[in-house]
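**Q** Kindly return the folded structure for what I paste below:
(chains A and B)
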Amino acid sequence: MRTENQKAWFFVLPVLALVAFNALVPMMTVVNYSVQETFGNNQFFWEGLGWFEQILRSDRFQAALGRQFLFTFLILLIEVPLGIIVALSMPRKGFWVPVCLVLMALPMLIPWNVVGSMWNIFTLPKIGLMGYFLNDVLGINYDMTQQPLSAWITVITMDVWHWTSLVVLLCYAGLVSIPDAYYQAAKIDGASPWSVFRYIQLPKMKTVLTIAVLLRFMDSFNIYTEPFVLTGGGPGNSTTLLSIDLVKIALGQFDLGPAAAMSLIYFAITLLVSWLFYTLMTKDDAQ
Amino acid sequence: MAQIKLSNLRHSYMPSPKGPEDYALKEIDVTWRDGGAYALLGPSGCGKSTLLNIISGLLTPSEGQILFDGQDVTALPPDQRNIAQVFQFPVIYDTMTVGENLAFPLKNRGVDPATIKRRVDEIAEMLDVTDMLGTRASGLSPDNKQKISMGRGLVRDDVNAVMFDEPLTVIDPHLKWKLRSKLKELHQRVKATMIYVTHDQTEALTFADEVVVMQEGEVVQIGTPVELFERPQHTFVGHFIGSPGMNVLPCEAKGDRAVFEGHEVMLEGPTHGDGGRTDLGIRPEYVGFGDTGIPAHVTKVADIGRHYVVSAMVGNTALKAVTEHSVPEPGSQVFLQFKPEQSRVYRDGWIATEERSQ
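**A** A predicted model of the protein is given here:
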């Protein structure tokens, strides 16, 4: 006998409506813009895939995409190993556990734009504490408003400061779930500290690490507020990441067609890379 | 392989223990013969796992010494004691194959590849896992995982002792006896000293040549399964081993007799000592029914398959008897007969009668 309970719809419908209004409808509007040209007065002309072609061919887009990949690659390269190292060095029990956890969570509680402003003031030459210290105490020529390299170092340091905690907390959760017997067995088997990490801790952290890498990839690939507030994309275009460029085209130049096409390409890349990461990292479990 | 001697061992988890109640282990003195199969039996929290971890070196005792073949190893870390330990939950290295798991302890000790291969093949054959050597260990069933963790201990031929910490906890009931007989077989083949911690009397009694019964951090009795059953040294042993456990009945001691609820009971021999609380201990198996004896009122009869467990009241004291036939009706009056050579008096829990010399 089959009884169908339609009540479930009442619980799903509000979510569906919400998602429709804040995601599906805006997204379809973007799709709509991406294939049309307008000169105002609500007059639209069919453009086909023209905007997509133009964006993909443009040097400006390619350069921003390159910067975006470089940025994401660098922060993953730093934050993931650093997060693992910090998590490994945190105490497992005792008085310091809550202290460490709260300290770790603090940077993540600060709003994005505040992080940007903080680091901007902190690193300004002459006024900022770090800017002053580097230039006038250590004698290093550092100016993130003038030198692309300094700007990059600052943007990356800021992101590492803001988000390594996420990797740390996720890894820590994975680490504390390992039963003591594993460490005891490893001791009896005569395993070296490296073997303990390689064969016990790393495999047990794998699931949380997958989540950490995915979250950090998506967040860093779509990053906007912090570098925008910190450098505004400068000096020149040196820290103009994809999202900053996109906002410039959409709201600065008001080129709605190209901006719509660009955001769809942007979205597709994010989705594709996330899928790739996920498939690669969970491949071994499938057997 | 080695003889293991624990001498004046005490352990407390507190930094500065005061009274005996602060000790998880109070005064342990045991010698384990080389190549013997021993079980540490006791209820949860009696200190048996603490004792095991002290022997393997995962814990350092507060006081006392551990000697392997007369050599003091108290200060040595686990990997230098050449012991193996199998834990309650199977510990396997998920990312390695079964073969790599078995080879791991040898590899860490820098054994040459040819010897590793020979030893792994030998152990795999012993454990019946030869056909799994190439598969990833993470996908195995719990009983096979537990076999692999056992194998990692046995693969080293210099192993002094193999320790088991309730190894069958997560194994399905129908596989338990299989693994248990495998263990027994392994013991006969490798001849290593084996120490098996459990709170399950069946496991302890079937595995071990000698059982160490522990209670609240103390060794109450060491003996063969038969000795523990036939002549418990402490009411705790009598009660803990056997199903149902020994009847412990308040009584008065008078020479070679005990007076229980106004009835005189012949004992196995004369009692010694004075004062304290005296109890009459007799196993339900040795309480019989007859035409004369101690009058009792049957309250309940439980059919547990091979025999019946009869609950009865003598005066205000409840006791149990086990019988295979001549089952009385609940509610009826019966006469109980206590087998004299199995009736003993316990003073403050400890045995206080002497075995009559034959």
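**Q** Up against chain A, what does the stretch 51-200 of chain B have?
**A** Contact residues, the stretch 51-200 of chain B versus chain A (C-beta under 8 Å from any C-beta of the partner chain): B:53, B:56, B:58, B:77-79, B:83-85, B:87-89, B:91, B:93-96, B:104-105, B:108-109, B:136, B:139, B:149, B:152-153. (C-beta placed from N, C-alpha, C; glycine too.)
**Q** Check the spacing between residue A:239 and residue A:144 real quick.
**A** 9 Å (C-beta to C-beta, to the nearest Å).
**Q** Name the residues contacting each of the two.
**A** Shared contacts of residue A:239 and residue A:144, defined by C-beta atoms under 8 Å, 6 or more residues apart in numbering or on different chains, comprise A:151, A:230, A:231.
**Q** Show the contacting residues for the second one.
**A** Contacts for residue A:230 (C-beta under 8 Å, 6+ apart) come out as A:116, A:119, A:120, A:123, A:144, A:154, A:155, A:158, A:239.
**Q** and if we set it to 7 Å?
**A** A:116, A:119, A:120, A:154, A:155, A:158 (C-beta atoms under 7 Å, 6 or more residues apart in numbering or on different chains).
**Q** one step back: select only the buried ones of the residues of the stretch 51-200 of chain B next to chain A in ChimeraX?
**A** Buried residues among those (16 or more other C-beta atoms under 10 Å in any protein chain shown), as a ChimeraX selection:
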select /B:53,56,58,78,79,83,84,85,87,88,89,91,93,94,95,96,104,105,136,149,152,153
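**Q** And the helix or strand that residue B:253 is a member of, what's buried?
**A** Using DSSP states H and E, residue B:253 sits in strand B:252-254. Neighbour counts over strand B:252-254 (16+ other C-beta under 10 Å) mark residue B:253 as buried.
**Q** ok, then the element right after that strand?
**A** Counting by DSSP H and E, what follows strand B:252-254 is strand B:257-260.
**Q** Touching that following strand from outside, list them.
**A** Contacts for strand B:257-260 (C-beta under 7 Å, 6+ apart): B:249, B:251, B:252, B:264, B:265, B:266, B:267, B:280, B:345.
**Q** Restricting to C-alpha, output the helix or strand where the fourth one lies in CSV.
**A** Right, residue B:264. Using DSSP H and E, residue B:264 sits within strand B:263-266. Taking C-alpha atoms only, strand B:263-266 is exported to CSV below (Å, rounded to 0.1, in the frame of the first residue of the first chain):
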residue,chain,number,x,y,z
HIS,B,263,20.0,-24.1,60.5
GLU,B,264,23.4,-25.8,60.9
VAL,B,265,25.4,-26.3,57.7
MET,B,266,28.5,-28.5,57.4
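**Q** quick one, what contacts residue A:250?
**A** So residue A:250 contacts A:256, A:259 (C-beta under 7 Å, 6+ apart).
**Q** Distance check, it against chain B.
**A** 47 Å (C-beta to the nearest C-beta, to the nearest Å).
**Q** Is that residue part of a helix or strand, or is it coil?
**A** With DSSP: H, G, I helix; E, B strand; the rest coil as the basis, residue A:250 sits in helix.
**Q** re earlier: please identify which of the contacts of residue A:230 is nearest to residue A:57.
**A** residue A:155 (27.4 Å; C-beta to C-beta).
**Q** and the closest one, how many neighbours?
**A** 25 (other C-beta atoms under 10 Å in any protein chain shown).
**Q** Just confirm it is within a helix.
**A** Yes: applying three-state DSSP, one finds residue A:155 inside a helix.
**Q** still on that earlier bit, tabulate the shared contacts of residue A:239 and residue A:144 (TSV), appending pLDDT, secondary structure and distance to residue A:52.
**A** TSV is the format used below for the shared contacts of residue A:239 and residue A:144 (pLDDT from 0 to 100; DSSP: H, G, I helix; E, B strand; the rest coil; distance: C-beta to C-beta, whole Å):
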residue	pLDDT	secondary structure	distance to residue A:52
A:151	89	helix	31
A:230	83	helix	31
A:231	84	coil	29
